[in-house]
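Colleague: Generate a structure from the sequence data that follows.
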Amino acid sequence: MTLSRAGTAADVHYLALPPTAVDARPSGATRLAVVWHGFGPPRTPAAMAAAVPMTGVPVWRVYLHLPAPTGALPPAGLGGETAVVDFAETVERAAERFSDVLEELRRDLELAEGPVALAGFSAGAAVAMLVLASAAVPVSAAAFVAPIAAPARTMAQVIKETGRPYAWTGPSREAADRLNLPARAAELARPGAPILLVAGSGDPLVPASEVTRLGERLTEQGAVVETTTVQMAHALTAEPGVDPVPPIQEAVSVDTVLTEWFRRHLATVTAPAEGAAPSLLQTYPDGVPISAGPQQD
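Modeller: You can find the predicted model right below:
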């Protein structure tokens, strides 16, 4: 049995879960799905892998670390007038270095070159969207969960929810304009890269209506898009969201949706071996198992 691996690629920490699906095999050349967590819970690769392991997807799932800057958007904190600038610079830097990270990941995991699948939650979804827009790597499918795709609107929502003001500056407005991803829908509409958007019905930070509008913009530009809403607020784990813990119902719902999506686009379902049952456990390098939650075929 191949165990999960923890390592560093191009100075970015990662946790890699091996393909363990017993009832499916890859349907094409994709052997790797890359996932970014958010600045809020789950806020580490281990916590994100425990929340959304996608055990039924028959490819490596690699969870990359995205360090939250001091001035990140909540739940990390408003962080003063540089919050939006820090947010933009962090996600942009993560997207720009992804090609180098991917090269080392392939070497570490002994994977041939080929298309990758992308997924991200919250701020991590912004990174995944920037990677998709860059066209720097071939992408076979993508999924964005509660994406912070327009920091200006997110900050406006934060101000509304908290009553705490935010002093916009020239640099923060420029950063928000750069990260206004609905305005860059044409760059995201990559041929052969279908997109799943997942919204939370009770998400105060990224309302479901905003995710729906993003889907409409992408569709107008020719992207193949599906949008779904699940019962969740913004977080996928309880605070502090650092260590792996059994998944809460919100995480199970997201894991089910993402698993079905990537199985549909990356896998061919096969008859399980006689007497075999799909494994619902993944094991970290330290030997601690985590539940994957129910799978949807």
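Colleague: Tell me which stretches of this structure form strands.
Modeller: Taking DSSP state E as the test, the strands found in the chain are 5-9, 12-17, 24-26, 32-36, 60-64, 116-121, 139-145, 195-200, 225-230, 267-269, 281-283, 289-291.
Colleague: Minimum distance to D100: which of those strands has it?
Modeller: Ranking those by proximity to D100 (CB to CB) places strand 5-9 first, at 7.8 Å. (Glycine included, C-beta is placed from N, CA and C.)
Colleague: That closest one: partners in the sheet, and parallel or antiparallel?
Modeller: strand 12-17 (antiparallel) (DSSP bridges).
Colleague: hang on, P26 packs against L266?
Modeller: Yes: look at P26 against L266 with CB atoms under 8 Å: they come within range, at 6.2 Å.
Colleague: which of the two has more neighbours?
Modeller: L266 (24 against 16; other CB atoms under 10 Å).
Colleague: For the nearest residue to the more buried one once chain neighbours are set aside, give me its contacts.
Modeller: In space, and not counting its chain neighbours, L266 is closest to T30: 5.1 Å by CB to CB, 6 or more residues apart in numbering. By CB atoms under 8 Å, 6 or more residues apart in numbering, the contact list for T30 reads 59, 114-117, 140-141, 266.
Colleague: Ignoring the adjacent residues along the chain, who's closest to E92?
Modeller: L130 (6.5 Å).
Colleague: And for that neighbour, the neighbour number?
Modeller: If you count neighbours by other CB under 10 Å, L130 ends up with 24.
Colleague: got any residues that touch both of P26 and L266?
Modeller: In contact with both P26 and L266: 58-59, using CB under 8 Å, 6+ apart.
Colleague: Just the helices from the stretch 51-200 of the chain, written as ranges.
Modeller: 83-96, 98-109, 123-134, 151-162, 170-178, 185-188 (DSSP state H, counting those that start in this stretch).
Colleague: Let me know the average pLDDT across the longest one.
Modeller: Per-residue pLDDT over helix 83-96 has a mean of 95.
Colleague: out of the helices of the stretch 51-200 of the chain, nearest to A223?
Modeller: Short answer: helix 185-188, nearest of these by CB to CB, at 6.4 Å.
Colleague: Outside of that closest one itself, list whatever touches it.
Modeller: 129, 132-135, 181, 195, 214, 217-218, 220-221, 223.
Colleague: a markdown table please, covering those residues and showing pLDDT and neighbour count.
Modeller: Below are the contacts of helix 185-188 laid out as a markdown table (pLDDT from 0 to 100; neighbours: other CB atoms under 10 Å):
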| residue | pLDDT | neighbour count |
| --- | --- | --- |
| M129 | 98 | 26 |
| L132 | 98 | 24 |
| A133 | 97 | 17 |
| S134 | 97 | 14 |
| A135 | 96 | 12 |
| L181 | 96 | 24 |
| I195 | 98 | 26 |
| L214 | 97 | 25 |
| R217 | 97 | 20 |
| L218 | 98 | 21 |
| E220 | 97 | 12 |
| Q221 | 97 | 13 |
| A223 | 97 | 20 |
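Colleague: residue nearest the centroid of this structure?
Modeller: By CA atoms, centre = their mean, the chain has its centre lying nearest to G120, at 1.2 Å.
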